[in-house]
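Chemist: Give the three-dimensional model of this entry:
(chains A, B, C and D)
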Protein chains: 2
Amino acid sequence: MEQNVIDASGLLAISTRLQRLSDQIRKDGLLIYKAFGIDFQPKWFPVLYTLYKKSTMSVVSLSDEIGYAHPSTISLLKELEKEKLIRSKKDKVDTRKRLVELTEKGITLLSTMEPVWDVIIKATAEITNTQNNLMKAINEVEAALKEKSFLQRAELYIKK
Amino acid sequence: MEQNVIDASGLLAISTRLQRLSDQIRKDGLLIYKAFGIDFQPKWFPVLYTLYKKSTMSVVSLSDEIGYAHPSTISLLKELEKEKLIRSKKDKVDTRKRLVELTEKGITLLSTMEPVWDVIIKATAEITNTQNNLMKAINEVEAALKEKSFLQRAELYIKK
DNA sequence: GCAATATATGTAGTTAACTACATATATTTG
DNA sequence: CAAATATATGTAGTTAACTACATATATTGC
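Modeler: Take a look at the predicted model:
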């Protein structure tokens, strides 16, 4: 197998390679939704799917849940509000909070997406279910990083 | 292990999770270089490392090598030229081409980075060498995608 | 050997995340 | 219970990749 310099650099370029793979999958994801005639952007997935599963959430708890900084979530919510897929209301107990939920249109969209998800899950399973399973690898790495960060581990080698 | 909705959605959010992991590693990468007192941004890595290994390349061949669109490479090159880490000259045979190479300063910087790379490689190995090896998983998935894209695979399921 | 096509580079504008800062409301503490 | 601190949301600006388009030079084919 011929290899380019970056792939050959292996662990050094791991961040680059993760991003490259992410982009590639995201672009094809958009095309799959299009093939189903569904007006949906992959970047909406984390917010909408979480609201689909958890119904009502505040901006920060939603951000924590999907692992985004809150301004990223706010800008997605703005866009989704314009699309009338979500709506928000004030929390009566804690008035700082804005509670976000799917609209009827949002719920309808998400339910029409279930067959698409089925296809995506199957195609992704096909791709990732190699000798080293990518999903499992991600889970394992994230667990390892939670225990001790990349930087902390590197620091131990620096001191030696 | 408690899980959030996105992680639980598994294969559906794979692109999101790859990106999240990439960001996390990149940020720590920057801090590691800082800890060594080296003025280096992780985003420079693909270009500089490739030039370190291959000496002289044109803009497009460099872009292909690192897997970036050529305008991305051009803007990195502009930045690196300002830092005096690379320089360019016209190809005498094919005058459309701009040949790029490391300067002395670039070569020096890269060679001072070898001990840092050593640390990064060790820390990364520690993190990725779990039951399912992340690097191997990426390699396997990229190979699978090269053979048949995510979209093409999904299309087969749509037709059924 | 010229017209059509392909390739190489460059510019402009977009995108989808981020950080830093600002403000309002809740909660905690002396 | 008021001051200090913490939390929730929002805005502005940045970043690091992208696509679309433009131009110049090479190559190919009639």
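Chemist: A:Ile86 contacts A:Leu99, correct?
Modeler: No. When contacts are counted by Cβ atoms under 8 Å, A:Ile86 is not listed as touching A:Leu99 (10.6 Å). C-beta: built from backbone N, CA, C; applies to glycine.
Chemist: So if I had to pick from those two, which one is more boxed in?
Modeler: A:Ile86 (22 against 18; other Cβ atoms under 10 Å in any protein chain shown).
Chemist: Tell me what the more buried one is bridged to.
Modeler: A:Leu102 (DSSP bridges).
Chemist: C-terminal to the helix or strand bottoming out on mean pLDDT in chain A, which secondary structure element comes first?
Modeler: The weakest-scoring helix or strand in chain A, judged by mean pLDDT, DSSP states H and E, is helix A:5-8 (a mean of 67). Sequence-wise, the next helix or strand downstream of helix A:5-8 (DSSP states H and E) is helix A:14-35.
Chemist: mean confidence score for that next one?
Modeler: Helix A:14-35 shows a mean pLDDT of 85.
Chemist: Now do it: which elements does it pack against?
Modeler: helix A:5-8, helix A:114-128, helix B:14-35, helix B:134-147, helix B:150-159 (3 or more Cβ pairs under 8 Å, 6 or more residues apart in numbering or on different chains; DSSP states H and E).
Chemist: Specify the angle between that helix and helix B:114-128 in degrees.
Modeler: Here helix A:14-35 runs at an angle of 50 degrees relative to helix B:114-128 (axes from the mean of the first three to the mean of the last three Cα atoms, to 10 degrees).
Chemist: The helix or strand that comes right after helix A:14-35 close to DNA strand D?
Modeler: Using DSSP H and E, the helix or strand that follows helix A:14-35 in sequence is helix A:45-54. No. Helix A:45-54 lies apart from DNA strand D when judged by Cβ under 7 Å from any atom of the strand; the minimum separation is 12.6 Å.
Chemist: so after helix A:45-54, what's the next helix or strand?
Modeler: Per DSSP H and E, the helix or strand that comes after helix A:45-54 is strand A:57-58.
Chemist: Now do the very next helix or strand once past that following strand: everything it contacts.
Modeler: As assigned by DSSP H and E, the chain's next helix or strand after strand A:57-58 is helix A:59-66. Defining contact as Cβ atoms under 8 Å, 6 or more residues apart in numbering or on different chains, one finds that helix A:59-66 is touched by A:46-47, A:50-51, A:54, A:57, A:69-70, A:72-74, A:77, A:97-98, A:100, B:4-6, B:16.
Chemist: which of those residues are close to DNA strand C?
Modeler: A:69, A:72, B:16.
Chemist: From B:Arg20, how far off is the first one?
Modeler: Which is A:Ala69. Between A:Ala69 and B:Arg20 the distance is 11 Å, computed by Cβ to Cβ, to the nearest Å.
Chemist: Counting neighbours, go ahead and name the busier of the two.
Modeler: A count of neighbours by other Cβ under 10 Å puts B:Arg20 above the other of A:Ala69 and B:Arg20, at 20 against 8.
Chemist: Disregarding residues adjacent in the polypeptide, which is nearest to the more buried one?
Modeler: A:Gly67 (5.4 Å; Cβ to Cβ, 6 or more residues apart in numbering or on different chains).
Chemist: Quick check: phi and psi on that neighbour?
Modeler: phi 80, psi 30 (degrees, to the nearest 10).
Chemist: I'd guessed A:Phe40 sits against A:Thr112; true?
Modeler: No. Counting by Cβ under 8 Å, A:Thr112 is not a contact partner of A:Phe40; they are 9.4 Å apart.
Chemist: And those two? Which one has more around it.
Modeler: A:Phe40 (21 against 13).
Chemist: Tell me who's in contact with the more buried one.
Modeler: Neighbours of A:Phe40 in contact, by Cβ under 8 Å, 6+ apart: A:33, A:109, A:113.
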